[in-house]
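Novice: 3D model of this:
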Amino acid sequence: MTDYDQGAIFFSDQGRDSQGSPDDSPTAARMKFREFIRTFRLEEDYIYRDLLRSAIGMGQHVFEVNVDHLMQFDDVLANALLRHPAHHLQLFEQAALEAAIQMAFLTETSADEDKVAIQVTLVSSKQDISIRQLLSGQVSRIVTVPGIVISASRVKAKATKVFAQCSNCQHVKQMSVRAGFAGAQLPRVCDRERQPNETPCPLDPFKILPNKCEYVDQQTWKLQESPEMVPTGEMPRSVLMSVDRHLVDKATPGHRVMITGIMSILNQQAKGEGKVAIRTPYLQVLGVRQGFESKTSSGMSLSEFTQADEEQFIEMSRDPELYSKLCKSIAPSIFGSEEVKKAIVSLLFSGSRKELADGARLRGDINVLLLGDPSVAKSQFLKFVEKAAPISVYTSGKGSSAAGLTATVTQDPGTREFYLEGGAMVLADGGVVCIDEFDKMREQDRVAIHEAMEQQTISIAKAGITTVLNSRSSVLAAANPTFGRYQEEKNAAEQIDFQTTILSRFDMIFVIKDKYDNEKDLSLAKHIINVHVQGATALEREPTDDEYDILTLKRYVAFARKTCSPRLAEAAATVLSNFYVQVRQDLSKADAESEANGKAPRAVPITVRQLEAIVRISESIAKMRLSDEATEDDVNQAIELFRVSTLQAAKQGDIELEGGSGQGERTAMDQIKKRVRIGESVSTSKLVHDVIGRGLEEVHVRRAINMMCAKGEFTQTSQGKRLKREN
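Specialist: Have a look, this model is predicted:
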């Protein structure tokens, strides 16, 4: 009997890892986490003790921990958390619950009854990395990634503990499921201990017991690089993210966020492909911070400013020539166009966004339309704004659809679920959308951005998804007239091929003509030749004393938009209201005279939106010098800018309706119909010459031909050289 118990005594190292010192054991780590929550303080504040108390008091059961604070408390423990986050985060959450019970925030009984589980979210100031830098060396490590949420799935229930019952012997087995997209594999064989001569259970006997399983909320997000982070010529990259428990619905498509999470891998291979070593990366989210530190291409911050930066910007704002210098800094390689440059400066700084007591919001962003001949540098202005604005998206009208500009509902090929993806105007939230070739867009696509331009929201009701996305962005659009170039003999209504609804949403409309002017042409030719002669040195030139370089301009715009929100002074408001009433009165008289002569109302209307436009322009001019109040001088400058843009466009030429033509056009139509039979084709120049011989002006004859062609009464062939009457 001496060897009776040999081999029957087993030693168990309770609570310790199989290797490493006792300080590395889960129990010791849990005790350190608990001590951190209870004792860490900044000056006299026990911040995590207070956070835990308020979280439990409000029933949220979630609190945020800064990894930098843990590093101050115990750098070994913090490094262990960063190296093995999945393992140590569970210990941290257990420690948080134990600390809450120890400090009497919770009783043990209530914690067991309510199944309280405290979620610890992490934030870190460690150097963030872009989505392009998420490589294999980061797998299973904590990373901090900035980006824009472009889609969010519906919230699902994910099992954390699965209970499965054997259908043969009723044995119940419990399995834990890891966080993220990981699942549980049901065992194929029942592992219950058998009695002698007992029949074994068949293969695959387990069935899941859904009512016994424990669940948490889970959501899938897609994070995309922000437009300013994408290298030229590259496609923006995106990464999937798994969000669970209290972080669900913390962000919606279009939000700029800073994500702290564990880089994990997911097997997305279809059955039978056999590529067992190929895995897709995704982020298991541990913490979400709204907004992120925008940076320039050289790494300088656009959202965080040092004391020295602030002093430099305040010194700049006191310069009496600031407005002039800012205007000269806009696209210095473009000659002239001073008024357009002033409008673009106002667009970059924007007015002040206001929220009223009844919940209504008034936009502060300024929209500008450049309507002009080819080769007047419209696209160059747009490209410059794309580089100078802190947040910007550039798109072309022909290559943009309504869904691409606003938002689209797409279907996940795996789950067949619908989810939402934001378009260009959602991604540019808080910045500028540059739309080139605006006139080439289809009419239904232009209508889709009406709401985004005025209400600054995008409403979606598709495929069972009903939501509203923010689109607080300015629009800078460039377009050509209907006939390619602005033609003096044609009236303005024919050449501005936009509906009144879209025109009224633009705060400033510039009609830019390429007119012959000997002196101006000579200066322009010298300027362009000089730019070409300098070549590469033109890009590296030092800015002169009366302008700022693009980096300084970009940071100053970001600083002003972040820190300043001016309002109109009383005296300025009086000047503005008097001007608006006077303009409406003048245009009303002019319209009454036009109507009496059989002419149409104006192509560019002057409505209350234009009054709000002048308010926004005044606020933007005040914001340039970091002032909290827009003065009379600001309003007068805004009125002058409005006069040379929208007001001048509204008064451009004799604006007439098709079918509402003047006496000259009506007489010309009658004469043309008398000379051309239905189905007959005649020479356009001969017809015009014959009708002019009846005492009519050529301008009226040409307009009459254009109107009848637009109605479908005539068609032009041989590049407009011949006319054929259809009816």
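
Novice: what's the weakest-modelled helix or strand in this structure?
Specialist: helix 536-539 (a mean of 48; mean pLDDT, DSSP states H and E).

Novice: could you point out which element follows that helix?
Specialist: helix 550-563 (DSSP states H and E).

Novice: Quick one: mean pLDDT for that following helix?
Specialist: In this model, helix 550-563 has a mean pLDDT of 83.

Novice: what's that helix packed up against?
Specialist: Contact analysis of helix 550-563 by 3 or more CB pairs under 8 Å, 6 or more residues apart in numbering; DSSP states H and E lists helix 307-317, helix 322-329, helix 338-349, helix 378-388, helix 608-624 as its packing neighbours. Yep, even glycine has a C-beta here, placed from its N, CA and C like the rest.

Novice: And that helix, what's buried?
Specialist: 550, 553, 554, 555, 556, 557, 558, 559, 560, 561 (16 or more other CB atoms under 10 Å).

Novice: Tell me where the stretch 151-300 of the chain has strands.
Specialist: For the stretch 151-300 of the chain, the strands defined by DSSP state E, counting those that start in this stretch cover 156-166, 172-176, 206-208, 214-224, 238-244, 256-266, 280-290.

Novice: Nearest to residue 705, out of those strands?
Specialist: Closest to residue 705 of the strands of the stretch 151-300 of the chain is strand 214-224 (CB to CB; 51.5 Å).

Novice: Partner strands of that closest one and their direction?
Specialist: Partners of strand 214-224 in the sheet, by DSSP bridges, are strand 142-152 (antiparallel), strand 156-166 (antiparallel), strand 238-244 (antiparallel).

Novice: Mind naming the longest helix for the protein?
Specialist: With secondary structure taken from DSSP state H, the chain has its longest helix at helix 570-596.

Novice: That one - contacts with which helices or strands?
Specialist: Using 3+ CB pairs under 8 Å, 6+ apart, the elements in contact with helix 570-596 are helix 608-624, helix 632-642.

Novice: need the ones you listed in CSV with mean pLDDT, distance to residue 438 and mean neighbour count, can you?
Specialist: Output for the helices and strands packed on helix 570-596, formatted as CSV (pLDDT from 0 to 100; distance: least, CB to CB, whole Å; neighbours: other CB atoms under 10 Å):
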stretch, mean pLDDT, distance to residue 438, mean neighbour count
helix 608-624, 86, 18, 24
helix 632-642, 86, 21, 20
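
Novice: Including distance to residue 505, could those helices go into TSV?
Specialist: TSV is the format used below for these (distance: least, CB to CB, whole Å):
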stretch	distance to residue 505
helix 608-624	7
helix 632-642	15
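
Novice: bridging residues for the nearest residue to residue 421 once chain neighbours are set aside?
Specialist: Distances taken as CB to CB, 6 or more residues apart in numbering place residue 151 nearest to residue 421, at 4.5 Å, with adjacent residues excluded. Counting by DSSP bridges, residue 151 is bridged to residue 222.

Novice: Output stretch 634-645 as PDB - backbone C-alpha positions only.
Specialist: The C-alpha coordinates for stretch 634-645 follow below in PDB (Å, rounded to 0.1, in the frame of the first residue of the first chain):
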ATOM      1  CA  ASP A 634     -18.000  94.600 -43.500                       C
ATOM      2  CA  VAL A 635     -21.600  94.900 -44.700                       C
ATOM      3  CA  ASN A 636     -20.700  97.600 -47.300                       C
ATOM      4  CA  GLN A 637     -17.900  95.300 -48.600                       C
ATOM      5  CA  ALA A 638     -20.300  92.400 -48.800                       C
ATOM      6  CA  ILE A 639     -22.900  94.500 -50.600                       C
ATOM      7  CA  GLU A 640     -20.200  95.600 -53.200                       C
ATOM      8  CA  LEU A 641     -19.200  92.000 -53.700                       C
ATOM      9  CA  PHE A 642     -22.900  91.000 -54.100                       C
ATOM     10  CA  ARG A 643     -23.400  93.900 -56.600                       C
ATOM     11  CA  VAL A 644     -20.600  92.700 -58.900                       C
ATOM     12  CA  SER A 645     -21.700  89.100 -58.800                       C
END
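
Novice: what about it, distance to the chain center?
Specialist: Remark: stretch 634-645 is offset 30 Å from the chain centroid, using CA atoms, centre = their mean, to the nearest Å.

Novice: Tell me what angle the longest helix of the chain forms with helix 608-624.
Specialist: For helix 570-596 against helix 608-624, the angle by axes from the mean of the first three to the mean of the last three CA atoms, to 10 degrees is 150 degrees.

Novice: What residues of helix 570-596 count as buried?
Specialist: Along helix 570-596, these residues count as buried under the neighbour rule (16+ other CB under 10 Å): 572, 573, 575, 576, 579, 580, 583, 587, 594.

Novice: and of the residues you listed, the nearest to residue 316?
Specialist: residue 572 (23.4 Å).

Novice: how close does the closest residue to that closest one other than its chain neighbours get to residue 258?
Specialist: Spatially, and ignoring its direct neighbours in sequence, residue 572 is nearest to residue 635 (4.4 Å; CB to CB, 6+ apart). From residue 635 over to residue 258 the distance is 40 Å, taken as CB to CB, to the nearest Å.

Novice: sorry, back to before: out of the helices and strands packed on helix 550-563, flag the one nearest residue 715.
Specialist: Checking the helices and strands packed on helix 550-563 against residue 715 by CB to CB gives helix 378-388 as the closest, at 31.6 Å.

Novice: quick one: the closest one to chain centroid distance?
Specialist: Centroid displacement of helix 378-388 relative to its chain, using CA atoms, centre = their mean, is 18 Å.

Novice: Need the residues that contact that helix.
Specialist: The contact list for helix 378-388 (CB atoms under 8 Å, 6 or more residues apart in numbering) reads 330-331, 333-334, 337, 340, 344, 347-348, 370, 372, 392-394, 432, 434-436, 476, 478, 512, 550, 553-554, 557.
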